[in-house]
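K.L.:
This is the structure alone, sequence omitted:
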């Protein structure tokens, strides 16, 4: 029941912010309303303080979420009109695999062969999919990190640069966000 109420609040917050033309702020409202890890588990005891919410970084294009948080976020984002794409990190454990899989799964117009091309294409996702609000969820992100820590770091840098480019090129009318889920 808590999750349903939280999702309803998130949709309401998103609709209010979106009508004010604040797409990045609207995503922050969505993300802020996602249940925290402690909300999806048993309530913490009064003696132990609740843990901080790692990864809920609203100033960034990237967020690190639990599976429960990602599920709530994707459902809420879809309801709010975001184009939501899900990638499987287990299929992206080498750079060639990652580039080919991302290109095919996201329906990008050409095969990518380097990070710069990926940044450009991801930054233009709203054009390819005719939606100014795009959320890309990378499930099993830990599989990438375990297979190749540098590849994981590079992917996060590419995702962040893509978000910045989308915002700058569109003069802040496009919202591109990534959620990394272990």
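P.N.:
Okay, I see it. Just so it is clear, the model here is predicted, and its values are computed rather than measured. Residues are numbered from 1 along each chain as shown.
K.L.:
Quick one: residues in contact with the helix or strand that residue 151 is a member of.
P.N.:
Residue 151 is part of helix 149-169 when elements are defined by DSSP states H and E. Under the contact criterion CB atoms under 8 Å, 6 or more residues apart in numbering, helix 149-169 has outside partners 24, 60-62, 92-95, 98, 115, 118-120, 122-126, 134, 136, 138, 141, 144-145, 174-178, 180. (C-beta placed from N, C-alpha, C; glycine too.)
K.L.:
For burial, what's the neighbour tally of the closest residue to residue 113 other than its chain neighbours?
P.N.:
For residue 113, ignoring the flanking residues on the chain, the nearest one in space by CB to CB, 6 or more residues apart in numbering is residue 99 at 6.6 Å. The burial metric for residue 99, expressed as a neighbour count using other CB atoms under 10 Å, is 19.
K.L.:
thought residue 99 was touching residue 106?
P.N.:
No - with the criterion set as CB atoms under 8 Å, residue 99 and residue 106 do not qualify as a contacting pair; they are 11.1 Å apart.
K.L.:
I'd like the average pLDDT over the next helix or strand after the helix holding residue 151.
P.N.:
Moving toward the C-terminus from helix 149-169, the next helix or strand (DSSP H and E) is strand 175-181. What strand 175-181 shows for mean pLDDT is 96.
K.L.:
so where's this protein shaky on pLDDT?
P.N.:
Confidence mapping of the chain against pLDDT under 70 gives the ranges 1-59.
K.L.:
For it, which segments are assigned as strands?
P.N.:
62-65, 83-88, 133-139, 175-181 (DSSP state E).
K.L.:
Strand partners (parallel or antiparallel) of the second one?
P.N.:
Taking DSSP bridges as the criterion, strand 83-88 forms sheet pairs with strand 133-139 (parallel).
K.L.:
Show residues contacting the strand it pairs with.
P.N.:
The set of residues that contact strand 133-139 without belonging to it, under CB under 8 Å, 6+ apart, is 23, 27, 67, 70, 73-74, 77, 80-89, 92, 106, 122, 125-126, 144, 155, 159, 166, 174-181.
K.L.:
So how do I select the buried members of these in ChimeraX?
P.N.:
The ChimeraX command for the buried members of these (criterion: 16 or more other CB atoms under 10 Å) is given here:
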select :23,27,70,73,74,77,80,82,83,84,85,87,89,92,106,122,125,126,144,155,159,166,174,175,176,177,178,179,180,181
